[in-house]
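Chemist: how would this look folded up:
(one chain, ligands or ions: 1)
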Amino acid sequence: MTVKPITWIGDETGLLRLLDQTRLPAETEWIDCRTATDVWRAIRTLQVRGAPAIGVSAAYGVVLGLQTVAEGDRAAFNRRLDEVCRELASSRPTAVNLFWALDRVRRVADVDCDASSGECLRRVWEEAKEIEAEDRRMCDAIGRHGAPLLAGLNGVLTHCNAGALATAGSGTALAVIVEAVRQGAPLCVYADETRPLWQGARLTAWELTQQNISCTVICDSMAGWVMRQGRVQAVVVGADRIAANGDTANKIGTYSVAQLAQAHGIPFYVAAPTSTFDLSLADGESIPIEERSREEVAAPQGKLLAPAAADVYNPAFDVTPASLIRGIITERGVISPVTADQVRQVVGAPREAASGHAGERSR
Ligand code: MRU
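Modeler: Have a look, this model is predicted:
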């Protein structure tokens, strides 16, 4: 059984319960979100994190934000819908699943002008549930498509956390790894600790050990040596936004891992649902990269590690060029080679720009 970090309790008048990922692995604490602002805060502070999980939570956040206007007229409902979507879109800029999910729930509310506010709220809630259910199915399919790529290997490296904690289902990169193990691959998983917030050490290692999968945590700086020693024969990571040519934004440090994999002749795979593609961006150049606070780097968990006078640069993501990616594992199959043509064939024709692209954001 995998962990379920996101649970909606009740009907459209209900609440969103999230596993507080900032407390793991030491404590398993749940937080109840009753307003859109609660969800905004949970996303912003990484209590819920990982691209698909952010999208699902934001969709439910819209439901919470609309509950107060369910009895009012449609004009007030529509104004509130705008306000809530804008608020949630400002929580984090890089994961496109956030904007994709907001666009989806927005669209169902916009469809029928004659429906009552109460009816619209119900439709938004049903769409949020559908986004969650779809994500679960996509994770399972990603696992099935990706597992054969790891058959017979005994070591795989992953960066950050792209597991059940980061989705509404079994994960993306970890779904591939877990399914490969289930099919008999004798894998040991090397989990980069993933500074500055340790999603690898805290979350990936927690998830894998809960499932009795062999996991070894390494500092980020050890990845090259682990490859050189022949301990890993593949790398699988998740993604936050993938441009039309396959350039992929993921947790800071992913680009270095991809370069190292290339240097050691090790295949580097990205696992992501099609909701993580942003076909309105031709390449990775214009993917908005979140920058976070200096404290995360200079004073992790309140302990001062760098002098106050030193500047700190803290980009939360980087972009790995498509040329370094052997394949992108989606719920529709594996895109390989990773070219704009192959992406178009699997993911579909370019769609309109999702809100929240570079230059449009409210941060
Ligand atoms: O800052 P985070 O923890 O939200 O970053 C998460 C990642 O970079 C994941 O690898 C990505 O969202 C894919 S999760 C299936």
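Chemist: what about the strands in the stretch 251-363 of the chain?
Modeler: 268-271, 277-278, 317-320, 327-330, 333-335 (DSSP state E, counting those that start in this stretch).
Chemist: okay, these in CSV with distance to residue 58 and mean pLDDT next?
Modeler: Any C-beta I mention is one placed from the backbone N, CA and C, and that applies to glycine too. Converted to CSV, those look like this (distance: least, CB to CB, whole Å; pLDDT from 0 to 100):
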stretch, distance to residue 58, mean pLDDT
strand 268-271, 21, 99
strand 277-278, 16, 98
strand 317-320, 18, 98
strand 327-330, 21, 98
strand 333-335, 26, 98
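Chemist: do you know which of the ones you listed lies nearest the ligand?
Modeler: strand 317-320 (6.5 Å; CB to the nearest ligand atom).
Chemist: so what does the closest one touch, helix or strand wise?
Modeler: Strand 317-320 sits against strand 248-251, helix 254-263, with contacts defined as 3 or more CB pairs under 8 Å, 6 or more residues apart in numbering; DSSP states H and E.
Chemist: deepest-packed of these, please.
Modeler: strand 248-251 (a mean of 29; mean count of other CB atoms under 10 Å).
Chemist: parallel or antiparallel, list what pairs with it.
Modeler: Counting by DSSP bridges, the strands paired with strand 248-251 are strand 241-243 (antiparallel), strand 317-320 (antiparallel).
Chemist: what residues does that strand touch?
Modeler: 94, 159-160, 194, 199, 237-242, 254, 270, 272, 284, 287, 289, 316-320, 322, 325, 328 (CB atoms under 8 Å, 6 or more residues apart in numbering).
Chemist: would you mark the buried spots in the helix or strand hosting residue 122?
Modeler: In this structure, residue 122 sits in helix 117-146 according to DSSP states H and E. Buried residues in helix 117-146, defined by neighbour count with 16 or more other CB atoms under 10 Å: 117, 120-125, 127-129, 131-132, 134-136, 138-139, 141-146.
Chemist: residue in the stretch 251-363 of the chain nearest to the ligand?
Modeler: Closest point on the stretch 251-363 of the chain to the ligand, by CB to the nearest ligand atom, is residue 251, at 3.4 Å.
Chemist: beta partners for that residue?
Modeler: residue 317.
Chemist: and the residue nearest the centre of the chain, what's its pLDDT?
Modeler: Centroid-nearest residue in the chain, with CA atoms, centre = their mean: residue 51, separated by 1.9 Å. Predicted confidence (pLDDT) for residue 51: 98.
Chemist: now it: how far from residue 326?
Modeler: 21 Å (CB to CB, to the nearest Å).
Chemist: check residue 184 too.
Modeler: Counting by CB to CB - residue 184 and residue 326 are separated by 22 Å.
Chemist: ok, those two, which is more surrounded?
Modeler: Ranked by neighbour count (other CB atoms under 10 Å), residue 184 and residue 326 place residue 326 first, with 19 against 10.
Chemist: residue contacts, the more buried one?
Modeler: Residue 326 touches 267, 268, 269, 336, 338, counting by CB under 8 Å, 6+ apart.
Chemist: related to what we said a few turns ago, the ligand next: which of the contacts of strand 248-251 are close?
Modeler: By CB under 6 Å from any ligand atom, the members of the contacts of strand 248-251 lying near the ligand are 160, 199, 238, 239, 240, 316.
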